[in-house]
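*Asks:* okay, sequence plus prediction incoming.
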2 protein chains.
Amino acid sequence: MNDLHAAFAAPAREALPRLTPAERRLVEAELLEMASRGPGTGRILDGLREVAARVPERLYADSAEVLLRMHEIAGSGNLQSNLSSLALVRACFAHGLVDDGGAGADRAGEGPAELVVGRGHIAPAFYAEHYVRGTLPFAPLATLHQGGLTGVVHRDLGFRTTMRYSLGVGVAQAVSLAWELARGGSDRKVVCLAGDGELHEGAAFEALRFAHDAGLTNLLLVVDANGKGIEPLAKPLNTGYLAAYLGTLAEVDGCDDGAVETALGELLARPGPAALVCRTRKGDHSFKPAGAAPPAPGRPVSFASTAGRMLGAHRERTGRELAVFTPDMAARFGLGGHVPYTNTGLAETLTVGMTLSLPDHVTKVVATDAMYYMDSLSMLTEATTSVRNLLVLAGRSWGAWGGAHNATNLLGLLLHTRVYEPVTAAEFQACLDRLARDPATAHVVSMIDAAFEPPARDCSADIDGGVWLTPPGDGPDAADATVVTFGYAGVLVEAANRDVGLPHLHCAALTPRLDPAALDVLTRSRRILSVEYNGAGSGFGERLRARHLLPVEVHAVRRDIATRVHRNQLPLHGMSPGPLRERLARLLENREGSGHAPAYA
Amino acid sequence: MNDLHAAFAAPAREALPRLTPAERRLVEAELLEMASRGPGTGRILDGLREVAARVPERLYADSAEVLLRMHEIAGSGNLQSNLSSLALVRACFAHGLVDDGGAGADRAGEGPAELVVGRGHIAPAFYAEHYVRGTLPFAPLATLHQGGLTGVVHRDLGFRTTMRYSLGVGVAQAVSLAWELARGGSDRKVVCLAGDGELHEGAAFEALRFAHDAGLTNLLLVVDANGKGIEPLAKPLNTGYLAAYLGTLAEVDGCDDGAVETALGELLARPGPAALVCRTRKGDHSFKPAGAAPPAPGRPVSFASTAGRMLGAHRERTGRELAVFTPDMAARFGLGGHVPYTNTGLAETLTVGMTLSLPDHVTKVVATDAMYYMDSLSMLTEATTSVRNLLVLAGRSWGAWGGAHNATNLLGLLLHTRVYEPVTAAEFQACLDRLARDPATAHVVSMIDAAFEPPARDCSADIDGGVWLTPPGDGPDAADATVVTFGYAGVLVEAANRDVGLPHLHCAALTPRLDPAALDVLTRSRRILSVEYNGAGSGFGERLRARHLLPVEVHAVRRDIATRVHRNQLPLHGMSPGPLRERLARLLENREGSGHAPAYA
């Protein structure tokens, strides 16, 4: 067993049933080769190259075809984004901008220029091109999004940078590098691959403006202008803006490999900063397998995607006027067809800012991923202190892009704000009704991107309180051990608790106001476990400890969120049924022990 | 007594000694008039207008002279910023864009257009112009920055919006309003007054880009292009960029009242969006009274302003390479002459982003106000997870602009981060030494913008621990009541505790690692008070409660930070010597009482 084998063998074997017979034979040969290697010490990428060299058979010669197969095997991903940049990626390979082995060490300083990939989710296009060039085996490609290869650029896999948290960060990474090179007296260029949607981000503007004003002459911005984020952009890329900051601007047909390669070569050879705008095409943002059946009626869908329908129902029920703003996330929240909305493009701070001057009576809804608010907390504070009737929908997927593990907790610390995580339509409506009663408090509603069966009971009657999903008994021993949960964790614990049967209090509020009876049960419990699929720091459990001085054992997310799909994310954080059941059962150990267990776990 | 009298009488009386004899007579007459009014029910602004009408004498006919007098009386402020926009402000009055009384109610929908003032700190220019036009009395002007009038635009004083947290928010407020008007079918224009420095903010770009792409035709951006933030801008305003997004662009001599008025009138009359760039001049950013003596040697200066010297000393002592980035805050941190630094302009997210691609061995320093990081937490998380040797200086003034009261706590919740608030040079150096030992953890160092005598002892020997500024005695009663403080609060409590003599543990770490002996004293205390000049939510005291389940009574900032100078800020939050002494003394009450006091205060 070595690093390579550990990283890819298990998910590659899981993928075998989805492969063609030829792919299966190839992957099995590659896995044998991986298993035969000694304990790995070098870079994963170098090891993969050695395997590729030892198993040289290539099944495909066209990286577009490889990309299609990768996504068919994965069953999800951003195939069209990868395809729209493929000519740009090929041009980067052609000009020697991509680490294709060679010395085997960090290649900073080699090649004609540095490459920073800002379109973070086009890593698969690079892997596909590596494959057809013989510098990657097929096995890792078959593990994309399935616990092996991630779709986002990462230093461990040949990229100059790793990208995790911020859209628009790639341009900042490139400008930081260009500044560092210039400071060291080098005129080496930095090529930054960006998307036209990504350039909507204020962070990207700040970087381009600074590069211009600081007189950096070594930045070459290559834009995949496909005119589309998740939805079509409202207007095409503003080339006048780019020319104003980068001086030289060239446009090229981005679907023509040769044209892109030639234009990139010319700009690399030319002194001074420049932008290369590649006009490309992009289909549907999210890959759907051909012939996939539409979701069966009654089959559960992601709870977050029901937001549009629930907002529409609220509007009909109350007659309230809604103004909904989303930075390209209408599909995720299922807005289309249910409520009118304004797509603000990839500009989260502006999305929040759009609420600032609206009339008091309008319910303002902003909707994006919880982590994307983290670059807008100041603007959001401006809104929570000056805007009435503000509903902040904070998506929680922790999927392929990872996430800020305690974004929800940070949102809960803003002035005039309360946070909820509903798991039923009735709880969601209770949040909206509460906002109507308390319009000066911004209501942050965490929306889970997962499909699940709602619990039998919920907090809709008292959204600030708690409800027993498994009630405590009446005996003196009734409250030996108790579990308290926040939001989605209530659903996970309900399932895990079926065989254990602990008293289980479910809360929709991050900072619940528990009634004396519930508090009394907790106070009499020998052990109390809190469970939240949420960052531990200043989260639900820590707030219970701080507020009530109860020796709550906090089971929550403590490590960074990995970039992998939801079902692979859960076990990482001890939130899948097996580990949860074990954690619950452990509470019943040492029943005869002396008082409370050590509390800060 | 009425609202008006309550708001301005006390600070106006305090200002009397600084007034000319004529001003004094006038203010006294105005105060008499204010005192004679019945209980106020209407807007403060309307009341002030009535007073101005009843005491019609005008001492000055030129608003520039009024501005100078306002700043001379206040002794601080941004006189030059106000002067550089004065012609623009006069043009807004001339075209009827300013609420000058009239109907007396909310004038939304009146006048030829809506005005949103994005340069938030030029409110005094409006007040000065109001004064010479007879629509404000002199008394409130004499209270600027001194507990009466604030220098930042506020709805209560005739502005369309209030500005608090975000630079660049004005453009978002304007675009939000333009969108709302367009949605309602109106073609009414929105005039947005902005500064060229402010346009560096990514948030401003996001708003202008959206306005263009959404096809809004009713935005008129008026830019005070004085070429200066606090320091001179690296390059003049990029008009090509503005033209790319606003279409029509006019430039005018911004020091010429008539030219600005004419140009504004033409653009108001013309259909479609436009930018009016007013070329102006601006002197020193911060007002200093003429003939003010330079600080005497040995006189304490703001602790934050010693950062440059301390960083320089660290570099000399260790030979480490530093890369320092600041968004126009070099003066505040005293960088000039001590360490090389890069002024990134008003672009906080990029400032953080500039650290992303630097070599591991370089110590990366970013320096701005704690609250300005709140729009960059995602980018900062990118840095704390991928950058080594990262020092985040977080200024804490809570002065005229207000601030996010628990920004420090939010920073402390980011991954791979620890927060300190040093109050001595040795503690600051200990933070830097700790970073050198633990380079994978970002060190956030809260820097207080106040002058104070350092305590006699500090935490420099163990920056993560605590040190007794007043040690507990040895008797059984030794630990009846104990006070524990975080950072700057230690200095405040040390002074207040002189007459009380409680055992006082000072900590520089937001999450200290207390040794068993100190924890034992706390555990044996009947009452424990924690004091922090910091937001209560997830702050120092709440963390002590959550971590150690100690019944700590938390004395911390719970209300919003007001927009006033530091010395007027402290009493608002119970942090001035009198209230602190009382709070400490109260711990000794009920010494014979039963056990711990109610803990969550």
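*Replies:* Looks like it arrived, so ask away.
*Asks:* just give the closest residue to the residue of chain A found nearest chain B, not the sequence neighbours.
*Replies:* Proximity of chain A to chain B (CB to the nearest CB) peaks at residue A:202, 2.2 Å away. Just so you know, the C-beta spots here come from the backbone N, C-alpha and C atoms, and that holds for glycine as well. The shortest distance from residue A:202 to any non-neighbouring residue, by CB to CB, 6 or more residues apart in numbering or on different chains, is to residue B:202 (2.2 Å).
*Asks:* the one you found: how many residues sit nearby?
*Replies:* 28 (other CB atoms under 10 Å in any protein chain shown).
*Asks:* so it sits right up against residue B:168, yeah?
*Replies:* Yes: Residue B:202 lies in contact with residue B:168 (CB atoms under 8 Å); the separation is 7.3 Å.
*Asks:* okay, now the unreliable bits of the stretch 51-200 of chain A?
*Replies:* A:101-109, A:166 (pLDDT under 70).
*Asks:* to clarify, my last question referred to the stretch 501-601 of chain A.
*Replies:* A:590-601.
*Asks:* what do you get if the cut-off is 50, keeping everything else the same?
*Replies:* Within the stretch 501-601 of chain A, the stretches with pLDDT under 50 are A:593-601.
*Asks:* what residues does it put near chain B?
*Replies:* Within reach of chain B by CB under 8 Å from any CB of the partner chain, the stretch 501-601 of chain A has these residues: A:535, A:537-538, A:542-543, A:545-547, A:549-551, A:560, A:599-600.
*Asks:* out of those, the closest to residue A:123 would be?
*Replies:* residue A:560 (18.3 Å; CB to CB).
*Asks:* now that closest one. Nearest residue, chain neighbours left out?
*Replies:* That would be residue B:415: by CB to CB, 6+ apart, it lies 5.9 Å from residue A:560.
*Asks:* A helix includes that neighbour, no?
*Replies:* No: using DSSP: H, G, I helix; E, B strand; the rest coil, the secondary structure at residue B:415 is coil, not a helix.
*Asks:* that one against residue B:386, yeah?
*Replies:* No: Residue B:415 is beyond contact range of residue B:386, at 10.5 Å (criterion: CB under 8 Å).
*Asks:* wait, what's in contact with residue A:140?
*Replies:* Contact partners of residue A:140, counting by CB atoms under 8 Å, 6 or more residues apart in numbering or on different chains, are A:7-8, A:12, A:48, A:127, A:148-149.
*Asks:* make it 6 Å
*Replies:* Residue A:140 is in contact with A:8, A:148-149, counting by CB atoms under 6 Å, 6 or more residues apart in numbering or on different chains.
*Asks:* residue A:216 now?
*Replies:* When contacts are taken as CB under 6 Å, 6+ apart, residue A:216 is in contact with A:178, A:182.
*Asks:* go again using 8 Å as the cut-off
*Replies:* A:175, A:178-179, A:182, A:273.
*Asks:* roughly how far apart are the residue nearest to residue A:202 and residue B:169?
*Replies:* 12 Å (CB to CB, to the nearest Å).
*Asks:* what of residue A:177?
*Replies:* Residue A:177 is 31 Å from residue B:169, by CB to CB.
*Asks:* just residue A:20 next, same as before
*Replies:* 56 Å.
*Asks:* between the two, which one's more packed in?
*Replies:* Set side by side, residue A:20 and residue B:169 show more neighbours around residue B:169, with 32 against 12, by other CB under 10 Å.
*Asks:* how much space separates that one from residue B:375?
*Replies:* Distance from residue B:169 to residue B:375, counting by CB to CB: 10 Å.
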